[in-house]
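> Generate a structure from the sequence data that follows.
(one chain, ligands or ions: 1)
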Amino acid sequence: MAYPIVILGSGRGSNAQALLKAEANKQLGAAKIAAIISDHDDAGILALGQKYQVPAIYIDPKRKGARLSDEAEQAFIERIASFSPKLIVLAGFMRIINHPFIEAFEGRMINLHPSLLPSFPGMNGIAQAFDHGVKLTGCTVHWVTPALDAGPIIDQKEVRIEEKDTLEQLEKKVHIVEHQLLPDVVARLSKGKIKPL
Ligand code: GAR
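Numbers count the residues shown, from 1 in each chain. Sure, this is the predicted structure:
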């Protein structure tokens with residue numbers, strides 16, 4: 001059964017690339033990346049579209065700050081829906097999305113977060129953990145619900161923070177496990193191996 005997915009991201013897109021590579025290596029189960037959508041016209045994530053022959057679409061957020069304008073949210077909803085995705089993956093999408101957007105896709109939208117939730121939600125999850133001095137952190141994939149970074153957890157992968165680690169080293173370590181966890185979760189979802197929300 002076809003399992004189209006749409007990826008949303010605002011930044012460099014290393015997690016989108018991990019998904020694209022996994023698909024190319026036939027490690028993404030039935031999942032097929034149908035489109036990449038960004039709120040930044042110069043985001044690295046959009047450049048991946050050409051490399052991997054996937055539609056890469058910029059939608060003007062019409063606003064700076066944490067939230068999209070209502071008009072931009074509507075444009076996101078319509079563009080995403082046009083691909084009839086079974087799953088929407090937030091991979092570094094740096095906006096808080098409003099209820100109509102969440103409700104349009106609830107049960108079909110997952111988010112990648114760079115900490116072991118419920119610890120360190122919000123922005124800069126890696127730096128928050130580093131500054132707090134915890135010895136274990138990692139990453140989480142969870143269902144997106146109206147509760148910010150608090151939807152049911154699908155899976156997590158941990159990283160140990162060593163005394164000698166700098167913030168930059170920790171960021172690299174967290175990204176390594178993100179690039180393993182996210183494709184693994186998407187593959188399992190596409191095979192029906194994860195309980196739906
Ligand atoms: C990832 O570390 C992801 O966990 C984080 O943004 C980064 C995106 O990197 N997401 C959040 O902080 C969401 N609150 P990427 O663009 O290289 O995939």
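
> measure stretch 102-112 end to end?
15 Å (C-alpha to C-alpha, to the nearest Å).

> what sits against the most centrally placed residue in the chain?
The chain has residue 91 as the residue nearest its centroid, 2.1 Å off, counting by C-alpha atoms, centre = their mean. Contacts for residue 91 (C-beta atoms under 8 Å, 6 or more residues apart in numbering) come out as 7-9, 13, 15-16, 19, 45, 112, 182. C-beta here means a position set from N, CA and C on the backbone, and glycine is covered the same way.

> try 7 Å
Contacts for residue 91 (C-beta atoms under 7 Å, 6 or more residues apart in numbering) come out as 7, 9, 15-16, 112, 182.

> residues touching the residue of the chain found nearest the ligand, list them.
Proximity of the chain to the ligand (C-beta to the nearest ligand atom) peaks at residue 92, 2.6 Å away. Counting by C-beta under 7 Å, 6+ apart, residue 92 makes contact with 9-11, 15.

> now residue 34
Contacts of residue 34 (C-beta under 7 Å, 6+ apart): 4-6, 83, 85.

> Who wins on neighbours among these?
Compared across the contacts of residue 34, residue 6 has the highest neighbour count, 27 neighbours, by other C-beta atoms under 10 Å.

> so residue 12 sits right up against residue 42, yeah?
No: Residue 12 is beyond contact range of residue 42, at 10.8 Å (criterion: C-beta atoms under 7 Å).

> So the two - more neighbours on which side?
residue 12 (15 against 8).

> State the number of residues packed around the residue nearest to the more buried one when sequence neighbours are not counted.
Leaving out its chain neighbours, the residue that sits closest to residue 12 by C-beta to C-beta, 6 or more residues apart in numbering is residue 44, at 3.8 Å. Neighbour count of residue 44, defined by other C-beta under 10 Å: 17.

> Next, give phi and psi for residue 44.
Main-chain dihedrals, residue 44, degrees, to the nearest 10: phi -60, psi -30.

> ok, now which ones touch it?
Residues near residue 44 by C-beta under 7 Å, 6+ apart: 11-13.

> what do you get for residue 197?
Going by C-beta under 7 Å, 6+ apart, residue 197 touches 107, 143, 152.
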